[in-house]
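1. Can you look at this prediction? I've put the sequence above it.
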Amino acid sequence: MCNKAHKSLENKLIRSLPHILWSGKGADVVWILNNAMPIEYLDLRKVILLASAGRVLGEALKTNKTFKELNVGINELKAEGIEALCEGLKVNDTLESLNIMSNRLEGGGAELTEKNKGAMHMAEMLRVNKRLAKLNVSRNYLGHNRVVAIAVALKFNNALRQLDLDTCYIKAGGIKAICEALKVNKTLEKLSINKNEAGDEGAEYIGMMLRINKAVSYTHLTLPTICSV
């Protein structure tokens, strides 16, 4: 009975978080997440979280010792919110799974701007984070330079086991960069890069990588990979 009551209270608390975030009471959210009760899985999908919510959650991650999974998919965090989450994850050593799919991370030009720097911060985080095992970035616009930065980070990362880059507008050059990194990285086990723009050339890079890297047991690349989204 006690466990059921605890779980019910936890669910009510989690359901209330979006409303507190919308009200601008970020400090209250940080206190709740870090002091009210131990929460391992925080599901905040489809609740219209903005960049300000990303900043709050990023601050909570810096001190939280119970989070294992955070799902903020299908929101409006954009580059600023993603940056804040990644800053938190440079310090956090407990989170194992992060889902930031479809958060309007965009900007594909070569020049680093406010719009496209979110993925660069993600790459910096992957270089230093020693715990995160699953990362879902699907349905965000990464573009070539951002993918290359993430690929370089993978050469230094020994924690990530699963990476989802579906529908991230990655072309063959980006696939090549990832595959080159995975010739060095021996810990990633699952890679999903479906619905990108890799074409047959990208599939060839995947094939060559798999002949060298025996740790990757699952690679999802549907052909033809011409993105229609």
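-> Arrived safely, thanks for sending.

2. gap between the closest residue to residue 41 other than its chain neighbours and residue 216?
-> In this structure, residue 41 finds its nearest non-sequential neighbour in residue 69, 4.4 Å apart by CB to CB, 6 or more residues apart in numbering. The way it works is simple: take the backbone N, C-alpha and C, and place the C-beta from them, glycine included. According to CB to CB, to the nearest Å, residue 69 stands 23 Å off from residue 216.

3. just checking, residue 187 touches residue 157?
-> Yes - with contact defined as CB atoms under 8 Å, residue 187 counts as touching residue 157 (7.3 Å).

4. So if I had to pick from these two, which one is more boxed in?
-> Higher neighbour count among residue 187 and residue 157: residue 157, with 22 against 14, using other CB atoms under 10 Å.

5. Now that one: closest residue in space that isn't a chain neighbour?
-> residue 126 (4.9 Å).

6. for residue 178, same thing?
-> residue 151 (4.7 Å).

7. hmm, back to that, between residue 69 and residue 216, point out the one with more neighbours.
-> Regarding residue 69 and residue 216, a neighbour count based on other CB under 10 Å identifies residue 216 as having more, with 19 against 15.

8. Secondary structure of residue 80: a strand, I assume?
-> No - with DSSP: H, G, I helix; E, B strand; the rest coil as the criterion, residue 80 is helix rather than part of a strand.

9. quick one on the thing from earlier: ok, the residue nearest to residue 157 - how many residues close by?
-> Quick note: residue 126 (other CB under 10 Å) scores 25 neighbours.

10. Please tell me the pLDDT value assigned to residue 228.
-> Looking at residue 228, its pLDDT is 34.

11. same check, this time on residue 35
-> Value listed for residue 35 in the pLDDT field: 75.

12. what ranges do the strands span in the chain?
-> Along the chain, the stretches classed as strands by DSSP state E are 41-43, 69-71, 97-99, 134-136, 162-164, 190-192, 218-220.

13. a markdown table please, covering those strands and showing mean pLDDT and distance to residue 170.
-> Shown next, in a markdown table, are the strands of the chain (pLDDT from 0 to 100; distance: least, CB to CB, whole Å):
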| stretch | mean pLDDT | distance to residue 170 |
| --- | --- | --- |
| strand 41-43 | 90 | 27 |
| strand 69-71 | 96 | 23 |
| strand 97-99 | 98 | 18 |
| strand 134-136 | 98 | 15 |
| strand 162-164 | 97 | 12 |
| strand 190-192 | 94 | 11 |
| strand 218-220 | 70 | 13 |
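
14. show me the contacts for the residue lying closest to residue 33 once chain neighbours are set aside.
-> In space, and not counting its chain neighbours, residue 33 is closest to residue 60: 4.5 Å by CB to CB, 6+ apart. Listed by CB atoms under 8 Å, 6 or more residues apart in numbering, the contact partners of residue 60 are 29-30, 33-34, 67, 88.

15. Lovely, talk soon.
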